[in-house]
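S.K.: for reference, the sequence and a predicted model appear below.
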Amino acid sequence: MDTKFTRFEDIIAWQKAMTLCVKIYDLFKDHNDYSFRNQIQRAAISISNNIAEGYERMNNNELRYFLYVAKGSSGEVRSMLRLAVLLDIITEKMGKELVADAEEISKILSGLIKAL
């Protein structure tokens, strides 16, 4: 691997994904719709987990694949956040903040993918 990282915990996208995941877990922890809560939480954790799994494969092609999967999970989180706003589960302000966080992660992931 040609990355400048010595461990996946050094990757900014992973760090930001972990922060986003904690926010999502906290925001939806008391939400009554188990299916919705479970899906958005699983999508959120999938971002950081796929970054970690791809890095640990120690192969640029596999890392690239898992970064794409993480990017897809970020899109899923954004979609669910937009739905949460429409369903009045969260405020529009909170939705915009978290969507912006997820978009930033996607942009970082795109940069990493291009760098590989």
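M.R.: Alright, I've got the coordinates. Residues are numbered from 1 along each chain as shown.

S.K.: can you list the weak-confidence ranges in the protein?
M.R.: When residues are selected by pLDDT under 70, those of the chain lie in 1-3.

S.K.: try it again at 50.
M.R.: Within the chain, the segments meeting pLDDT under 50 span 1-2.

S.K.: show me the residue sitting in the middle of it in space.
M.R.: Nearest to the geometric centre of the chain sits Ile47, at 3.5 Å (CA atoms, centre = their mean).

S.K.: what residues are up against Lys29?
M.R.: Shown in contact with Lys29 (CB atoms under 8 Å, 6 or more residues apart in numbering): Arg37. Every residue, glycine included, has its C-beta placed from N, CA and C.

S.K.: for it, what are phi and psi?
M.R.: Torsion angles at Lys29 (phi, psi; degrees, to the nearest 10) stand at phi -60, psi -30.

S.K.: for the residue nearest to the centre of the chain, which non-adjacent residue is spatially closest?
M.R.: Ala17 (4.0 Å; CB to CB, 6 or more residues apart in numbering).

S.K.: give me every residue that touches the one you found.
M.R.: With CB under 8 Å, 6+ apart, Ala17 has these contacts: 44, 47-48, 51, 70, 74, 105.

S.K.: ok, now Val22?
M.R.: The contact partners of Val22, by CB under 8 Å, 6+ apart, come to none.

S.K.: that one is in what secondary structure piece?
M.R.: In the assignment (DSSP states H and E), Val22 maps to helix 12-28.

S.K.: and that helix, which residues are buried?
M.R.: Residues of helix 12-28 classed as buried by neighbour count (16 or more other CB atoms under 10 Å): 13-18, 20-21, 24, 27-28.

S.K.: quick one, what contacts the spatially closest residue to Asp33 that is not a sequence neighbour?
M.R.: Closest residue to Asp33 apart from its sequence neighbours, by CB to CB, 6+ apart: Ile89 at 7.9 Å. Neighbouring residues of Ile89 by CB under 8 Å, 6+ apart: 28, 31, 33, 36.

S.K.: distance check, Ile89 against Val22.
M.R.: Note on Ile89: its distance to Val22, by CB to CB, to the nearest Å, is 18 Å.
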